[in-house]
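Trainee: everything below, folded, please.
(one chain, ligands or ions: 2)
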Amino acid sequence: MSDIVLITGATSGFGRAAARRFAEAGWSLILTGRRAERLADLEKELGGKVPVHTAVLDVRDADAVKDVITALPEGFRAVKALINNAGLALAPQPAQKADLDDWHTMIDTNIKGLVNVTHAVLPTLIETGAGASIVNLGSVAGQWPYPGSHVYGASKAFVQQFTYNLRCDLQGTGVRVTDIAPGMAETEFTLVRTGGDQAASDKLYGDTTPLEAEDIAELIFYTASLPAHVNVNRLEVMPTRQAWSAFAVDRD
Ligand SMILES: NC(=O)C1=CN([C@@H]2O[C@H](COP(=O)(O)OP(=O)(O)OC[C@H]3O[C@@H](n4cnc5c(N)ncnc54)[C@H](OP(=O)(O)O)[C@@H]3O)[C@@H](O)[C@H]2O)C=CC1
Ligand SMILES: O=CCS(=O)(=O)O
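Mentor: Numbers count the residues shown, from 1 in each chain. Ligands and ions are numbered 1, 2, ... in the order given. Here you go, the predicted structure:
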């Protein structure tokens with residue numbers, strides 16, 4: 001039987017590229033996201049190569065998460081890798097101008113959603129044992145502050161610490177846990193963050209060479225397919241053309 005991977009947020013960006021990468025390696029796919037049409041397209045694309053199960057799922061809904069995991073069909077139950085990828089940034093403006101609803105949405109998705117899925121899949125991963133993996137999508141924003149990152153960056157700091165803490169508790173179970181923390185990558189991320197401003201997205205990624213979804217998909221796949229005795233704790237990755245900046249100083 002082939003290995004089984006469950007990917008949240010498989011309808012776009014890293015998640016979709018990861019689905020393609022795991023399919024290339026012959027893994028069975030459980031693909032989730034809120035956009036049913038995108039899931040159907042992906043099932044059509046990859047279903048001829050490997051077994052694919054799709055489920056429309058909003059990770060913020062803990063009951064729905066539990067239901068989807070409980071109802072996994074025969075052949076998709078023994079999950080070996082969980083890719084906690086679903087997430088988003090909103091409110092690119094400074095904290096003092098941000099909408100409280102946007103803050104709540106980021107917390108509900110990036111923190112509570114990731115926790116919901118992890119809690120529901122953990123018993124299965126522990127049953128799978130040696131070689132099982134949880135790969136969490138953090139961000140450089142979880143480590144490095146920048147203007148406009150406020151709750152988004154803080155939610156990704158949670159992802160990093162939750163990853164490390166999970167590692168402590170899962171010692172002896174064989175389940176690996178990794179925080180992959182990408183820098184600037186061209187996906188629908190900025191379109192979502194700016195409320196659909198294609199020009200802003202094009203500007204951010206223009207005249208430079210951002211990471212591509214496939215770059216991160218390769219790292220996700222690499223991490224989850226290493227020998228069972230190897231745990232990558234955290235992988236921070238940036239485009240070569242991105243680096244840190246100087247401290248900001250307020251002057252008279
Ligand atoms: N692009 C970047 O520069 C970086 C991104 N990241 C992180 O990587 C992850 C993937 O982002 P990326 O691929 O770039 O962005 P995309 O916007 O391209 O993809 C985000 C995915 O998350 C899903 N998603 C969002 N909200 C929910 C929800 N409530 N329930 C279920 N699925 C949801 C979306 O699916 P749908 O809308 O169909 O539900 C979509 O498939 C995120 O966690 C992001 O924070 C980290 C560092 C850098
Ligand atoms: O997480 C996304 C990368 S960034 O926009 O925070 O640099």
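Trainee: every contact and neighbour count from this point should use C-alpha atoms.
Mentor: Fine.
Trainee: all helices of this protein, in order?
Mentor: Secondary structure of the chain (DSSP state H): helices located at 13-24, 36-46, 62-70, 100-106, 114-128, 150-170, 189-193, 198-205, 213-224.
Trainee: okay, the ones you listed, which one's buried deepest?
Mentor: Stretch with highest mean neighbour count among the helices of the chain: helix 13-24 (a mean of 22; mean count of other C-alpha atoms under 10 Å).
Trainee: of the helices of the chain, which is nearest ligand 2?
Mentor: helix 150-170 (6.7 Å; C-alpha to the nearest ligand atom).
Trainee: which strands and helices lie in contact with the closest one?
Mentor: Packing partners of helix 150-170 (3 or more C-alpha pairs under 8 Å, 6 or more residues apart in numbering; DSSP states H and E): helix 100-106, strand 133-137, strand 176-182.
Trainee: show me what contacts the residue most central in space within the chain?
Mentor: Centroid-nearest residue in the chain: N85, 1.5 Å away (criterion: C-alpha atoms, centre = their mean). Taking C-alpha atoms under 8 Å, 6 or more residues apart in numbering as the definition of contact, the neighbours of N85 are 7-10, 14-15, 135-137.
Trainee: re the thing from before, I'd like the helices and strands packed on helix 150-170 laid out as a markdown table, including distance to ligand 1 and mean pLDDT.
Mentor: As requested, these are exported to a markdown table (distance: least, C-alpha to the nearest ligand atom, whole Å; pLDDT from 0 to 100):
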| stretch | distance to ligand 1 | mean pLDDT |
| --- | --- | --- |
| helix 100-106 | 8 | 98 |
| strand 133-137 | 5 | 99 |
| strand 176-182 | 4 | 99 |
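Trainee: state the distance from S12 to ligand 2.
Mentor: Going from S12 to ligand 2 by C-alpha to the nearest ligand atom, to the nearest Å gives 15 Å.
Trainee: so that residue versus E186, what's the distance?
Mentor: 11 Å (C-alpha to C-alpha, to the nearest Å).
Trainee: what's the answer for R77, then?
Mentor: As judged by C-alpha to C-alpha, R77 and E186 stand 33 Å apart.
Trainee: over to M106?
Mentor: 20 Å.
Trainee: and what of L46?
Mentor: Here L46 is placed at a distance of 23 Å from E186 (C-alpha to C-alpha).
Trainee: swap in V232?
Mentor: For V232, the distance to E186 equals 24 Å [C-alpha to C-alpha].
Trainee: tell me which of these two has more neighbours.
Mentor: With other C-alpha atoms under 10 Å as the criterion, V232 and E186 differ in neighbour count, and E186 comes out ahead with 20 against 15.
Trainee: list the contacts of the more buried one.
Mentor: Applying C-alpha under 8 Å, 6+ apart, we find E186 in contact with 13, 205, 210-213.
Trainee: now do I30
Mentor: With contact taken as C-alpha under 8 Å, 6+ apart, I30 is in contact with 4-7, 52-55, 76.
Trainee: distance to C168 added to the helices and strands packed on helix 150-170, as TSV?
Mentor: Compiled in TSV, the helices and strands packed on helix 150-170 are given as follows (distance: least, C-alpha to C-alpha, whole Å):
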stretch	distance to C168
helix 100-106	26
strand 133-137	13
strand 176-182	10
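Trainee: could I get these as JSON lines with distance to ligand 2?
Mentor: Conversion of those to JSON lines gives the following (distance: least, C-alpha to the nearest ligand atom, whole Å):
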{"stretch": "helix 100-106", "distance to ligand 2": "12"}
{"stretch": "strand 133-137", "distance to ligand 2": "9"}
{"stretch": "strand 176-182", "distance to ligand 2": "6"}
